[in-house]
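In: whatever this is, show me its structure:
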Amino acid sequence: MSVYRVTEIIGTSPTSWEEAAKEAVMVAAKSLRDLRVAEVVELDMTLGENGQVEAYRSKVRVSFKYEQP
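Out: Have a look, this model is predicted:
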C-alpha cells in the first residue's frame, strides 16, 4: 500500500512551454524523491512591450511517494 502527494509547480522558459515543463520537473526532482507522474495542467505566457512573448510558463502537477518510517 502506498500514499502519494500531489503538488503544483510552475516552470518558465524563454523558448517554449515544453522547456518550461521540463525545467519545472528537473528542479522539483532535486528536492523531491520518487516522483511518479507529471501532468501539464495550464499553459500561459508573460508578455512584454508591444505584446511580445517574454516567457512561456507551464503549470505542472507532480506526484511523489511518501516514505513510510
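In: just the buried residues of stretch 3-19, please?
Out: For stretch 3-19, burial by neighbour count (16 or more other CB atoms under 10 Å) applies to I9, G11, T12, S13, W17. Glycine gets a C-beta too; all of them are placed from N, C-alpha and C.
In: can I get those residues in TSV with distance to Q68 and secondary structure?
Out: What follows is the buried residues of stretch 3-19, written out as TSV (distance: CB to CB, whole Å; DSSP: H, G, I helix; E, B strand; the rest coil):
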residue	distance to Q68	secondary structure
I9	24	strand
G11	30	strand
T12	34	strand
S13	36	strand
W17	36	helix
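In: closest to V62 among the residues you listed?
Out: I9 (6.2 Å; CB to CB).
In: the residue nearest to that closest one when sequence neighbours are not counted - how many residues pack around it?
Out: Once flanking residues are discounted, I9 sits nearest to A24: 4.8 Å by CB to CB, 6 or more residues apart in numbering. Residues lying near A24 (other CB atoms under 10 Å) number 23.
In: helix/strand/coil for A24?
Out: Following DSSP: H, G, I helix; E, B strand; the rest coil, we place A24 in the helix state.
In: quick one, phi/psi of V3?
Out: For V3, the backbone dihedrals are phi -130, psi 130 (criterion: degrees, to the nearest 10).
In: contacting residues around it?
Out: Applying CB atoms under 8 Å, 6 or more residues apart in numbering, we find V3 in contact with K65, Y66, Q68.
In: mind doing that once more with 10 Å?
Out: K65, Y66, E67, Q68 (CB atoms under 10 Å, 6 or more residues apart in numbering).
In: quick one, strands of this protein?
Out: Taking DSSP state E as the test, the strands found in the chain are 4-13, 35-47, 53-65.
In: okay, and the beta partners of K59?
Out: I10, E42 (DSSP bridges).
In: what's the local residue count around it?
Out: Around K59 there are 17 residues (other CB under 10 Å).
In: distance between the ends of stretch 27-39?
Out: Chord length of stretch 27-39, first to last residue, is 15 Å (CA to CA, to the nearest Å).
In: need the residues that contact it.
Out: Contacts of stretch 27-39 (CB under 10 Å, 6+ apart): 2, 4-9, 11, 21-22, 24-25, 58-67.
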